[in-house]
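# My questions concern the predicted model and sequence given below.
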Amino acid sequence: MSTRERWRSLFPKGARETPPAPSPPRGAPVAHPILAAPALDPAVFREIRRTMELSHFKWDAQIGDETTLAPFPLLITPATWAELAAAAERLSRETLAAERELLFRPELQRRIAVPRQLRALFARGAEPTPAAARILRFDFHWTTEGWRVSEVNSDVPGGFTEASNFTRLMASHTPGARSTGDPTLAVVAALGSVATDRRSIALLSAPGYLEDHQIVAHLAGRLREQGLTAHLISPHHLRWQDGRAHLATSWFNGPVDALVRFHQAEWLARLSRDVAWEPLFVGARTPVANPGVAALSESKRLPLVWDALATPLPAWRSLAPESRDPADAPWRTDDGWVLKQAYSNTGGTVSMRSAMTARAWSLLPWKVRLAPGQWVAQRRFEMVPVASPLGAVYPCLGVYIVNGHATGIYGRIARKAIVDFAAIDVAVLVREEAS
Amino acid sequence: MKKGDIHALWAPLDATWTPWVKPVLFAHLDEESTPSPVVVLPTWLQAGVISPLERDAVDAGRDQHPYRRSRGLDDVAVVIDLPGAEGALAGLALAQHRFRPVPLYNAMMGPSPVLDLQPIMDVLVDGAADLASLPLGAPPAFLLDADRMGRGRRRELGNFDNRSVCFPTDFPSATTLRSSGIRRALLIHSGGERPAIDLAETLVQWQEQGIAFFSARVDTGDPATPRIVKRPSWFQRLFHVLERRQLFRDASGVFGELLQLPRGYPSSGG
């Protein structure tokens, strides 16, 4: 089968017919679709925090002087949740279609800063490793122009324990409100459906990163509740035999049915050759969630090649702010632009003058000059704050998609108009409509 | 004793420093544990720590204010950076002097760990009851494992790599300490004149914001003495980077990344 035929088979005509996304409202919105509820009783909230810490793997509830769990929920209407879910599902379809096309477009991979090692790997033409589940999270913000999506976390979306357990605990103390769903439950169900032989799954994360351990430990706990065996591993525990994943650890040696990869693709690409990471991307028979090809749609420079793709992306074009190569955007003089690294996480490299120290801002042009192809300039949108018990806060609603379906929200709030790793986790609940 | 009860004794809901207690090791305790008597608490604290700090308070006139006289060492935050369970035991000993131990152990246990944290977890269980009568506003004694970076530890394929580092964001800021009346910080450590390089940044920040710094060494018996903590030199920081790069090569490449992330433990997932 030729490359073109393979491309056609992976990218059937029907997949191109993505329905257009609804136009977001233009002009100043009449009412904010998000409302902050009053704070819970402090004693009740401290118990919730303790429960999260001891039973639900929330081990980073304090960063410096800031508690990273909000003592109040954000409320949205059922109609708003339906709107966000539908938009995220459309974005998901477009993202995966674009990803499939990018797999066979090496010239575009380079433009979106896919690491050299991964480009070389994809260029071999091996079949992509199958997906045990496909999990994405789209980050929505309410702006002066309506809903906007800042990015998709396509490679290793996090926030599961907060989106599932914290939301449930807060909902139980918020009369007249319910959760939007349990993304962990959806992921566990998806993994359970592929781990049918040995009922065993390995969860891969980078050693030393506590928050990542939290997430895989949370998932492992829920998998075990379903009767599955869950192993927490590092990349060097992996072995491959005839495309099947095996573990070589001091506590277990043998095959597993599926892998959960909570380890960024670009980090894997930097590991030495004695670590068997390549089958996480291509050529393996053991399914992986997310498969390594997710690295293609994770790039924040993806919008720079939209026009070069055959895949139509109406939802993305409608909801995402304009992106340009930093060389083509006046970001140095115009505060209406923010810079992001192509592969960055938790907002750690989102750079805007108003949110940076003078020294950090002065160093930014040098960083960009050193690796211009690794950055993207994104037109800044004007987020609308919500009045809350913590004062005015800027919400970010991360809508999870698991195997094509919206399954819940990971809410975060920030005191400044940038939602980064210092953001506070917040439960997002749906207000029950009065009957 | 139930896991939740043990945690509640180390981290009472209304205690001043509870938000900073790292929950990881508590979460890894068995649901039910049977405490054993704590074997031996260190005996050097009175001569090496308490008396020198009290003398300093008198010399500096801190205890002359009528409202301060009864506060004793309430203006002191202690950081105990000793290996393994030694630090936790020192924390329990300090609790007898009305300091509240605040565990900052931030690594997970797992099968075949590089660092065996079980002795620390045993102290958390065994010493919990001793903390029941501490005042909620007792000054903090932050507990770190000096072996956290696993220096000199053998790592083999199949080990659970639970080495860790600490960050300034693991501690309260100088502003928060000062608002709680903390004016002095004491580091209890061993193995060298200088604080551990990952801890130095925190101590420098505190010092720069007006908190007087003291250190006491356990290995040499040096009592608590006023010091100036210096920011690590470029060479030391470079060495530290290289050291972490070495960890990067031996394991899976993560510690090389940590220095690029300025604060806290940003998740690798978005």
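Here it is on my side, so go on.

# Contacts only, for residue B:97.
Counting by C-beta atoms under 8 Å, 6 or more residues apart in numbering or on different chains, residue B:97 makes contact with B:45, B:50, B:73. The C-beta positions use only the backbone N, C-alpha and C, and glycine is treated the same way.

# what residues are up against the first one?
Same thing as residue B:45. By C-beta under 8 Å, 6+ apart, the neighbours of residue B:45 are B:90, B:93-94, B:97.

# Quick one, grab the pLDDT at it.
At residue B:45, the model reports a pLDDT of 88.

# how close does it sit to chain A?
27 Å (C-beta to the nearest C-beta, to the nearest Å).

# How about residue B:168?
Counting by C-beta to the nearest C-beta, the gap from residue B:168 to chain A is 7 Å.

# Could you give the number of residues near the residue in chain A that chain B sits nearest to?
Using C-beta to the nearest C-beta, the closest approach of chain A to chain B is made by residue A:158 at 2.9 Å. For residue A:158, the tally of surrounding residues (other C-beta atoms under 10 Å in any protein chain shown) stands at 24.

# where does residue B:39 land on pLDDT?
74.

# Next, count neighbours for it.
Around residue B:39 there are 10 residues (other C-beta under 10 Å).

# what about the helix or strand where residue A:92 lies, distance to the chain center?
Taking DSSP states H and E as the definition, one finds residue A:92 inside helix A:78-102. Its chain's C-alpha centre and that of helix A:78-102 lie 13 Å apart, by C-alpha atoms, centre = their mean, to the nearest Å.

# Give me the buried positions along it.
A:80-81, A:83-102 (16 or more other C-beta atoms under 10 Å in any protein chain shown).

# overlap between those residues and the residues near chain B?
Restricting those to those within reach of chain B (C-beta under 8 Å from any C-beta of the partner chain) leaves nothing.

# Could I get the pLDDT score of the residue of chain A closest to chain B?
88.

# next one: residue A:318
We have a pLDDT of 97 for residue A:318.

# after whatever helix or strand it lives in comes which helix or strand?
Here residue A:318, judged by DSSP H and E, is contained in helix A:314-319. Later in the chain than helix A:314-319, the nearest helix or strand by DSSP H and E is strand A:323-324.

# can you list contacts of the helix or strand following that following strand?
Moving toward the C-terminus from strand A:323-324, the next helix or strand (DSSP H and E) is strand A:337-341. By C-beta under 8 Å, 6+ apart, the surrounding residues in contact with strand A:337-341 are A:151, A:300, A:324, A:326, A:329-331, A:349-352, A:364, A:368, A:374-380, A:418.

# same thing but at 10 Å, please
Strand A:337-341 has contacts (C-beta atoms under 10 Å, 6 or more residues apart in numbering or on different chains) with A:113, A:150-151, A:299-301, A:321-324, A:326, A:329-332, A:347-355, A:364-365, A:367-368, A:371, A:374-381, A:417-418.

# can you check stretch B:32-44 too?
By C-beta under 10 Å, 6+ apart, stretch B:32-44 touches B:1-3, B:5-6, B:48-50, B:82, B:85-86, B:88-96, B:121-130, B:188, B:216, B:218, B:221, B:223.

# from those residues, which are also near chain A?
Among those, the ones lying close to chain A by the criterion of C-beta under 10 Å from any C-beta of the partner chain are B:3, B:6.

# Give me the buried entries from the contacts of stretch B:32-44.
B:1, B:3, B:6, B:48-50, B:82, B:85-86, B:88-95, B:121-128, B:130, B:188, B:216, B:218, B:223.

# Can you tell me which of those residues end up in helices?
B:3, B:6, B:85-86, B:88-95, B:121-127 (DSSP state H).

# Run through the stretch 1-150 of chain A and note the low-pLDDT ranges.
Low-confidence segments of the stretch 1-150 of chain A (pLDDT under 70): A:1-30.

# Just the strands from it, written as ranges.
A:35-36, A:62-63, A:66-67, A:74-76, A:135-143, A:146-153 (DSSP state E, counting those that start in this stretch).

# Between those strands, which one is closest to residue A:163.
Closest approach to residue A:163 among those is made by strand A:135-143 (8.8 Å; C-beta to C-beta).

# hmm, the closest one touching chain B?
Yes. Shown here: strand A:135-143 in contact with chain B (C-beta under 10 Å from any C-beta) through A:137, A:139.

# just checking, what packs against that strand?
helix A:78-102, strand A:146-153, helix A:183-194, helix A:294-298, helix A:314-319, strand A:391-402, strand A:405-414 (3 or more C-beta pairs under 10 Å, 6 or more residues apart in numbering or on different chains; DSSP states H and E).

# Give the partner strands of the last one in its sheet and their orientations.
Meaning strand A:405-414. strand A:391-402 (antiparallel), strand A:424-426 (antiparallel) (DSSP bridges).

# I'd like the ones you listed as JSON lines, with mean pLDDT appended.
Listed next are these as JSON lines, based on pLDDT from 0 to 100:
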{"stretch": "strand A:391-402", "mean pLDDT": "97"}
{"stretch": "strand A:424-426", "mean pLDDT": "96"}
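
# Output the ones you listed in CSV; the columns should cover mean neighbour count.
Formatted as CSV, the strands paired with strand A:405-414 follow (neighbours: other C-beta atoms under 10 Å in any protein chain shown):
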stretch, mean neighbour count
strand A:391-402, 24
strand A:424-426, 24
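
# Cheers, nothing more for now.
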